[in-house]
Each structure stands twice: as structure tokens, then as C-alpha cells.
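Colleague: With the sequence up front, the predicted model follows.
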Amino acid sequence: HRVEEGASLRAVTDVSAFPLIAPLPSYGVAKEGHSWARHAPFIGAYGVVDVRLDGGGEIDGAGKAWWDMRHKGLLNFTRPHLVEIAFSERVVVEGVILRDSPFWTLHPYQCDDVLINMVTIRNPAGSPQTDGIDPDCSTNVVINNCDVESGDDHV
């Protein structure tokens, strides 16, 4: 999928727009709130081969609304990741700008042959658990020429 330079995709802040899904097998439980579920990511791909996310445009997770709800104790389940690609092969994320993620920003999970190149991530200092890139249980991962600012772990 291509996000053209100058284009911006912005997530909604309506919690009901993010369905509940099971926690990932490596954790067994969700990270926040009730342990049996978490909110689905803004952009997700599961069990795909030869997937690309590129183009130079911006993907905005509208994170501030989610961080405020978390700080006020209004969320019952883990906030959504911005981009999660799981159980997939030959994954390329290149040249996009990812900003204001509600939770983890770019999360390849149980993927093989992953290239993350020239990605810019902007999450403000103090934004909770907004890890930049979490290559989780994945193999053959290359992270190259990325510029990451996050409120938690960068990679």
C-alpha cells in the first residue's frame, strides 16, 4: 500500500472503531486493562506475503486522545498499535512517516524477511509506551536509515 508524499492518513479517536482482538501468543495477555483482549491496530496485515507500506506520506495515530484516556483511567483494554504486520513474509516498510501512535508504532510480529528503511517516527517525549520499532519474534529483519523519536523504546 502506498501513502503518497504529501498525503496523510489520520486515525479516528472513537474507541469503538477499533475492535477487540486477542493478545499476541508471545505475551499471552494484553499489556493494559483486561488481559484477555486488546484494541486492533490502525493498520494491520496478518498472514500476508510480499506486502509493502511505502510512499513518503504520513500515518497519524491521533495518539494524544488515547494517551489522555489512559491517564484518566478511561480505557479497559490495551491501546491500538499504529502499524502491526504479523505472521507474514517479505515485508517492506519504506519512506513513510509514522506519528503520534496510541501504543507501539511499528510492530512486525512473527514475520520473516523484513526491511524497514527510511522510516521516520515521531512520538513526543512522555507519550506512554509509544515504542518506535518492535521487531517481535521475527527473523531476517533489517532496520536501515530510520529516524526515530518516541516516548519509550526507539527500537
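Modeller: Arrived safely, thanks for sending. Numbers count the residues shown, from 1 in each chain.
Colleague: Tell me which stretches of this structure form helices.
Modeller: For the chain, the helices defined by DSSP state H cover 63-71.
Colleague: so where's it uncertain?
Modeller: Along the chain, the parts satisfying pLDDT under 70 run over 28-30, 33.
Colleague: Tell me how far the residue lying farthest from the centre of it lies from Ser35.
Modeller: Most distant from the centre of the chain: Lys72, at 22.3 Å, with distances by CA atoms, centre = their mean. Counting by CB to CB, to the nearest Å, the gap from Lys72 to Ser35 is 21 Å. Where you see a C-beta, it was placed from the backbone N, CA and C, and this is true even at glycine.
Colleague: before we move on, what about Val141?
Modeller: 28 Å.
Colleague: ditto for Val48
Modeller: From Val48 to Ser35 the distance is 28 Å (CB to CB).
Colleague: Over to Asp131?
Modeller: Taking CB to CB, one finds Asp131 at 20 Å from Ser35.
Colleague: what about the two, which has more around it?
Modeller: Asp131 (22 against 14; other CB atoms under 10 Å).
Colleague: where along the chain do the strands fall?
Modeller: Using DSSP state E, the strands of the chain run over residues 8-10, 20-21, 38-39, 43-46, 49-54, 58-60, 83-86, 89-94, 97-99, 106-109, 112-117, 120-122, 139-144, 147-149.
Colleague: just checking, what packs against the fifth one?
Modeller: Here strand 49-54 is seen to pack against strand 83-86, strand 89-94 when contacts are counted using 3 or more CB pairs under 8 Å, 6 or more residues apart in numbering; DSSP states H and E.
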